[in-house]
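Novice: Model the structure of this input:
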Amino acid sequence: MKYEKIRKQVLEAILDAVDQGLIKGTSGNIAIQDDVDDVVAITPSGIAYKTMTAEDIAIVDMYGKWIDGPLKPSSEAPMHTAVLRARKDVKATVHTHGMFATIAAMAGELLPTTPPQSEFVPVNIVPFTMPGSNDLAGLVVETLGETGRAVLLKNHGMFCCGKDIKAAMAATIYTEEMAQTSYYAKLAGVFNPMPEEAVKAMKELIARDQAV
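Specialist: Residues are numbered from 1 along each chain as shown. Presented below is the predicted three-dimensional model:
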């Protein structure tokens, strides 16, 4: 099997996302760039993730063209590959339709409520654009900018990235948690996001730890 390592990594990550409730049915997708070749392993389109094998994971080039695998790649390949081309620090990307991230995108704001969430802000919002389109891919790249780890997609979900799949999954988990804690705190009338100075201090602390 070609590109076995990244195919297995994508499969493990998508099953983990399903187990954590981040992805349901066949919605959401994950992509990982190969360490050597300019190719990307990405979840296929329209297949239940719990039934997939590593061989089912599609391989595309850096522009999303399908080059290997028995199943058609995700329709969101343009978005994943656009970010991987634009951000040399990014090797893995995760797109989910998480309920709370989707609500936060419609609300127009997402702020951290706990220290770990600070690593992934600011989380800016991409206006609604047709899924699978090059227009959406370009807006995600633009909204992430040079350092962003997560964006919300209005009426759609969220998109996260990282230096590897562990980092991309962490961004996904904590962004959805940020949206969830904010939603319930607002519902309870006790919403009190972290002070800006505390968020800045946490980001600096986390960055130092990552640099070691």
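
Novice: Show the pLDDT at the residue of the chain lying at maximal distance from its centre.
Specialist: In the chain, the residue that sits farthest from the middle, by C-alpha atoms, centre = their mean, is Gly189; the gap is 29.4 Å. Note for Gly189: predicted pLDDT of 97.

Novice: average pLDDT for stretch 10-29?
Specialist: 93.

Novice: And it, how far out from the chain middle?
Specialist: Stretch 10-29 sits 11 Å away from the centroid of its parent chain (C-alpha atoms, centre = their mean, to the nearest Å).

Novice: if we can go back for a sec, would you list the phi and psi of the residue farthest from the centre of the chain?
Specialist: Here is the backbone geometry of Gly189 (degrees, to the nearest 10): phi 80, psi 20.

Novice: dump the residue contacts of it.
Specialist: With contacts defined as C-beta atoms under 8 Å, 6 or more residues apart in numbering, Gly189 has no neighbours. Where you see a C-beta, it was placed from the backbone N, CA and C, and this is true even at glycine.

Novice: mind checking how far Glu55 is from Glu12?
Specialist: 14 Å (C-beta to C-beta, to the nearest Å).

Novice: Could you do His156 as well?
Specialist: Taken as C-beta to C-beta, the span from His156 to Glu12 is 25 Å.

Novice: Show me where the chain has its strands.
Specialist: 29-33, 39-42, 58-61, 66-68, 92-96, 124-126, 150-153, 157-162 (DSSP state E).

Novice: In a markdown table: those strands, plus mean neighbour count and distance to Pro78.
Specialist: Shown next, in a markdown table, are the strands of the chain (neighbours: other C-beta atoms under 10 Å; distance: least, C-beta to C-beta, whole Å):
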| stretch | mean neighbour count | distance to Pro78 |
| --- | --- | --- |
| strand 29-33 | 28 | 11 |
| strand 39-42 | 26 | 11 |
| strand 58-61 | 20 | 10 |
| strand 66-68 | 15 | 12 |
| strand 92-96 | 28 | 11 |
| strand 124-126 | 18 | 14 |
| strand 150-153 | 26 | 14 |
| strand 157-162 | 26 | 12 |
